[in-house]
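Sequence first, then the predicted structure:
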Amino acid sequence: MSKISTNDVEYVASLAQLELDAAAKERLVQEMGEILAYMDKLNELDTANVEPMMHAMEMTNVFREDVVESSISRETALQNAPVHDGQYFIVPRILEGDEA
Amino acid sequence: MEYEAVIGMEVHVEINTKSKIFCGCSTEFNAPPNTNVCPVCLGFPGVLPVLNREMVNKSVAAGLALNCRISRWSKMDRKNYFYPDMAKNYQISQYDLPLCFKGHLDIEVDGEIRRIGITRAHMEEDTARNTHTIGGGQSGVDFNRSGVPLLEIVTEPDLRSAKEAYAYLVTLKQILQYLDVSDCNMEEGSLRAEANISVRPKGATAFGAKTEVKNVASFSGVQKAIEYEIARQIQVLEEGGKVLQETRGWDADRGITVTQRLKESAHDYRYFPEPDLVPIVVDEAWEHRIRDRLPELPMARKKRFMEQYGLSAYDAMVLTATRPLADYYEACVSAGAESKKAANWVMGDLQALLTDGKMEITQCRIAPAALAAMIRMIEEGAISGKIGKEVLADMFETGREPQAIVEEKGLAQISDEAAIEAIVAQVISDNPAQVEQYKAGKEKVMGFLVGQVMKASRGKANPELVNRILRDALKK
Ligand SMILES: [Zn+2]
């Protein structure tokens, strides 16, 4: 019995804006279920005396100074855009109130 | 039934660093579209953002001024959602470990101090801007704003009225401007306020369903939107309805809020630690360095102005409204102007000239020391107060020293008794009817006669001498 339902997979897919066919959904129910089962396995470990790990990096405090550096040209910035007008990246009309 | 409102505010302020939060692109406001961009702020895959140290300094300064605790250890997180103003489909923000937390801000409403809890203040990047003027079913996206540093400041639901919310915004803006961490310019979007509003029967402890009001362009707009929303929610409840949890926009033209989005469609942001940015450790030494550099904040400065300069609470409040104004006033006093006279000139005639010219004190051509010199000339009797106004207007226009203006225009006060006696004699012989009335006991005519003498001297006669000499002459 998987810990993940088809509904869960569909929900996660919708958040990621992915369209999945029935076979992919079935496979993902299986795979995501296995990942969660593995987490359950890890949860069996006694971690009472282990510092929680908040971040994958051991390093801290890497900063840049507040100095303006030259940016790339607008021409370069726009060159890979599927549609642009020389000034803006052009996208399908965004409706007011559609914001996430 | 009597209701009370429960309001919390979320304010995004743009922190005024020169470069963006994670790259060296300029944060300049009015640049042509997509000219301050690079692979990092355009959201290209594989780039490495690096946090701007000054953003941390300024955010900690803001946190300390809001009486927050500063996280010894914090991190950046990814907030995942799709929107065309965000090319990489996540916003770098802070989730469970904000840089600043558990603070408070005291606000004054109707002479009473209210303490408003600050839940948190966290760092994040701004998104790009969309323009809807492109036409043809299309929108344009400008990434100059993408990656501009923002500090999001969130209050506890401690505000109880629209008026308190307004006072909170004004006080917050004033502090952030004193700290020089943000311009807080609503027109340029460097301050954006959202209010969470609910109502409940007075005395109840549970919260009612809340609505979130967005897209308000001014502080007074926020106040009006909250007033409207409180009344609307009470009406819904009174009619036996239910307040829906939703986002509402403020329609300033119609003076109403309208539904933008129901909460059901809100996204699940799936925050996780940003793997491209390392954790931020602000140790005690760093925090202390920032604390030591904090300027005197508005409330403390207002109190000191009252004690040190003998000003009323109102005058001290007006003069400490902005740091440049307070600095100007203090420079004027330390250049030798009497403190209350300086307050009257700065708040009165100078402020009127600034308002007329739609100018800020920072654009004023009158040096504080020149204003002090002018005020001293009045005190020493070199010019009259009335002439002082004329001299001030000239100084404001030309930036010249008051002595030079008085000399060139021949405005020096006439304090020569013989000269004034001659003018008085002339006025008495020119106005026999009024002199008769005065002698018959009509004291009010005195004002008219003084006015005639001042007019004849072109405003230069010493008013005290005019009064004395005229009275003496009329007794004869
Ligand atoms: Zn950039």
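Cool, the structure landed. Numbers count the residues shown, from 1 in each chain, chains lettered A, B, ... in the order given.

Helices of chain A, start to end?
Under the criterion DSSP state H, helices of chain A are mapped to A:6-15, A:22-43, A:74-78.

Any chance of those in a markdown table with mean pLDDT as columns?
Converted to a markdown table, these look like this (pLDDT from 0 to 100):
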| stretch | mean pLDDT |
| --- | --- |
| helix A:6-15 | 92 |
| helix A:22-43 | 95 |
| helix A:74-78 | 97 |
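
Looking at these, which one is packed in the most?
Among those, the stretch with the highest mean neighbour count (mean count of other C-beta atoms under 10 Å in any protein chain shown) is helix A:74-78, at a mean of 17. Every residue, glycine included, has its C-beta placed from N, CA and C.

Need the pLDDT of the spatially most central residue of chain A.
Residue closest to the average C-alpha location in chain A (C-alpha atoms, centre = their mean): A:Ala16, at 7.6 Å. pLDDT recorded at A:Ala16 is 88.

Would you mind listing what in the stretch 151-300 of chain B touches chain A?
By C-beta under 8 Å from any C-beta of the partner chain, the residues of the stretch 151-300 of chain B that approach chain A are B:247, B:249, B:260-261, B:267-268, B:270, B:273, B:275, B:277-281.

before we move on, back to that, pipe the helices of chain A into a markdown table and attach distance to B:Ile387 per row.
Supplementary listing: these in a markdown table, determined by distance: least, C-beta to C-beta, whole Å:
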| stretch | distance to B:Ile387 |
| --- | --- |
| helix A:6-15 | 74 |
| helix A:22-43 | 84 |
| helix A:74-78 | 57 |
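
For chain A, what's the nearest residue on the stretch 151-300 of chain B?
Nearest residue of the stretch 151-300 of chain B to chain A: B:Gln260, at 4.1 Å (C-beta to the nearest C-beta).

Now the element after the helix or strand harbouring that residue, going C-ward?
Using DSSP states H and E, B:Gln260 sits in strand B:256-262. Note on strand B:256-262: by DSSP H and E, the next helix or strand toward the C-terminus is strand B:272-273.

could you point out which element follows that next one?
Counting by DSSP H and E, the next helix or strand C-terminal to strand B:272-273 is strand B:280-281.

Can you name every helix or strand that that next one contacts?
If contacts are counted by 3 or more C-beta pairs under 8 Å, 6 or more residues apart in numbering or on different chains; DSSP states H and E, strand B:280-281 sits against strand B:73-74.

quick one: the helix or strand following the strand it packs on to chain centroid distance?
As assigned by DSSP H and E, the chain's next helix or strand after strand B:73-74 is strand B:77-80. Once both centres are worked out by C-alpha atoms, centre = their mean, to the nearest Å, strand B:77-80 turns out to sit 33 Å from its chain's centre.

I figured B:Leu470 was touching B:Gln452, is that so?
No - using C-beta atoms under 8 Å, B:Leu470 is not in contact with B:Gln452, being 9.4 Å away.

tell me, what's touching the two both at once?
Counting by C-beta atoms under 8 Å, 6 or more residues apart in numbering or on different chains, the residues touching both B:Leu470 and B:Gln452 are B:Val427.

Low-confidence ranges, the stretch 251-400 of chain B, go.
The model of the stretch 251-400 of chain B has pLDDT under 70 over residues B:261-267.

Report the separation between A:Ile35 and A:Lys41.
Going from A:Ile35 to A:Lys41 by C-beta to C-beta, to the nearest Å gives 11 Å.

likewise B:Arg145?
Distance from B:Arg145 to A:Lys41, by C-beta to C-beta: 46 Å.

cool, and B:Ser161?
According to C-beta to C-beta, B:Ser161 stands 54 Å off from A:Lys41.

Kindly report the same for B:Lys302.
For B:Lys302, the distance to A:Lys41 (C-beta to C-beta) stands at 62 Å.

What's the biggest strand in chain A, counting residues?
The residue-count maximum for a strand in chain A (DSSP state E) belongs to strand A:89-92.

That one and chain B in contact?
Yes - using C-beta under 8 Å from any C-beta, strand A:89-92 reaches chain B at A:Phe89, A:Ile90, A:Val91, A:Pro92.

surely the third one meets B:Tyr83?
No - taking C-beta under 8 Å as the definition, A:Val91 is not a contact partner of B:Tyr83, at 10.3 Å.

State the phi and psi torsions of whichever residue of the stretch 101-250 of chain B sits closest to chain A.
Distances between the stretch 101-250 of chain B and chain A by C-beta to the nearest C-beta are smallest at B:Gly140, namely 3.0 Å. With angles defined as degrees, to the nearest 10, B:Gly140 sits at phi -100, psi 150.

hmm, back to that, among the residues of the stretch 151-300 of chain B next to chain A, who's most crowded?
Most neighbours among these, by other C-beta atoms under 10 Å in any protein chain shown: B:Ile280, with 24 neighbours.

what about the closest residue in space to that one that isn't next to it in sequence, neighbour count?
Closest residue in space to B:Ile280, ignoring its immediate chain neighbours: B:Ser74 at 5.1 Å, by C-beta to C-beta, 6 or more residues apart in numbering or on different chains. A count of nearby residues for B:Ser74, using other C-beta under 10 Å, gives 22.

circling back: name every strand pairing with the strand holding B:Gln260 and say which way it goes.
strand B:246-251 (antiparallel) (DSSP bridges).

Just checking the distance from the strand it pairs with to the centre of its chain.
Put simply, strand B:246-251 sits 25 Å off its chain's centre (C-alpha atoms, centre = their mean).

what separates the residue nearest to the centre of chain A from B:Tyr314, distance-wise?
Where B:Tyr314 is concerned, A:Ala16 sits at a distance of 58 Å (C-beta to C-beta).

Kindly report the same for B:Ala217.
Using C-beta to C-beta, B:Ala217 is found at 29 Å from B:Tyr314.

Same drill for those two, tell me which one is more crowded.
B:Ala217 (14 against 9).

quick one: secondary structure of that one?
Classification of B:Ala217 using DSSP: H, G, I helix; E, B strand; the rest coil returns coil.

Give the closest residue to it in space, chain neighbours not counted.
Using C-beta to C-beta, 6+ apart and skipping the chain neighbours, the partner closest in space to B:Ala217 is B:Met186 (6.2 Å).

so how far is the ion from the one you found?
Separation of B:Met186 from the ion (C-beta to the ion, to the nearest Å) stands at 25 Å.

cool, B:Glu14 as well?
16 Å.

what about that residue, how many neighbours?
Here the number of neighbours of B:Glu14 (other C-beta under 10 Å) works out to 23.
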